[in-house]
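Asker: Structure, please.
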Amino acid sequence: MGLHEQALEHLSQVRDEMNRRRAIYDDYFQFHLESALTELWLARRDFAQASAQSQRFLEHALGAEERTWQALAWDANTRVAMAQGDFARAAECIARALTTMAGFEVPLADWRVHATAAALDDRLGNVDSAKHYRELARATIQRIADSLTPQQPLRKSFLSAAHAALDK
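Answerer: From the prediction side, this is the model:
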């Protein structure tokens with residue numbers, strides 16, 4: 001929505017509150033916080049902050065055995081590297097994201113990682129590979145949407161947001 005200052009203020013408040021009062025689910029919510037802060041810095045085009053934040057996100061994710069968050073953290077690092085024009089690092093990170101997902105059912109990471117792989121391959125001129133990853137992302141998006149009934153408002157909202165993200 002472009003309300004970067006307001007978002008930073010709210011996310012900082014959440015981080016401060018989590019630091020003050022530890023709760024049983026803090027480790028899980030930390031994933032969301034690290035991810036949101038990375039997205040915020042990317043949206044603000046503050047690549048130094050985005051890089052540092054995505055690295056914190058990755059370190060936190062690698063400390064857990066949750067493949068979804070690990071893949072999403074590698075994906076975030078890929079997108080930061082792409083934004084910085086470091087395509088060698090981006091290729092390394094997306095390869096790690098894809099390896100992290102291999103053999104696991106992680107649909108919430110799957111479509112995002114494949115969309116990022118498509119975007120990276122587009123930038124590198126790998127047309128066939130980009131098309132392949134885009135098809136994989138779309139198939140996962142559809143599979144997630146099909147798990148929701150057609151009447152659910154979340155289905156339409158998800159499809160709209162996911163396809164918009166894929167078309168970036």
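Asker: Got phi/psi on residue 44?
Answerer: Here is the backbone geometry of residue 44 (degrees, to the nearest 10): phi -80, psi -10.
Asker: and what of residue 104?
Answerer: With angles defined as degrees, to the nearest 10, residue 104 sits at phi -120, psi 150.
Asker: Surely it touches residue 66?
Answerer: No - at 10.2 Å, residue 104 does not count as touching residue 66 under the criterion of CB atoms under 8 Å. C-betas here are computed from N, CA, C, even on glycine.
Asker: what about those two, which has more around it?
Answerer: Set side by side, residue 104 and residue 66 show more neighbours around residue 66, with 17 against 12, by other CB atoms under 10 Å.
Asker: contacting residues around the more buried one?
Answerer: Residue 66 sits next to residue 31 when contact means CB atoms under 8 Å, 6 or more residues apart in numbering.
Asker: Can you tell me how far it is from residue 31?
Answerer: Here residue 66 is placed at a distance of 8 Å from residue 31 (CB to CB, to the nearest Å).
Asker: and what of residue 37?
Answerer: Distance from residue 37 to residue 31, by CB to CB: 11 Å.
Asker: Find residues that contact each of the two.
Answerer: Jointly contacting residue 37 and residue 31 under the rule CB under 8 Å, 6+ apart are residue 57.
Asker: neighbour-wise, which of those two wins?
Answerer: Under the criterion of other CB under 10 Å, the comparison of residue 37 against residue 31 puts residue 37 first, with 24 against 19.
Asker: Leaving aside the residues adjacent along the chain, what's closest to the more buried one?
Answerer: residue 53 (4.9 Å; CB to CB, 6 or more residues apart in numbering).
Asker: Check the offset of the helix or strand containing that neighbour from the chain's centre.
Answerer: If you go by DSSP states H and E, residue 53 is part of helix 47-62. Here helix 47-62 shows a centroid-to-chain-centroid distance of 12 Å under the convention CA atoms, centre = their mean, to the nearest Å.
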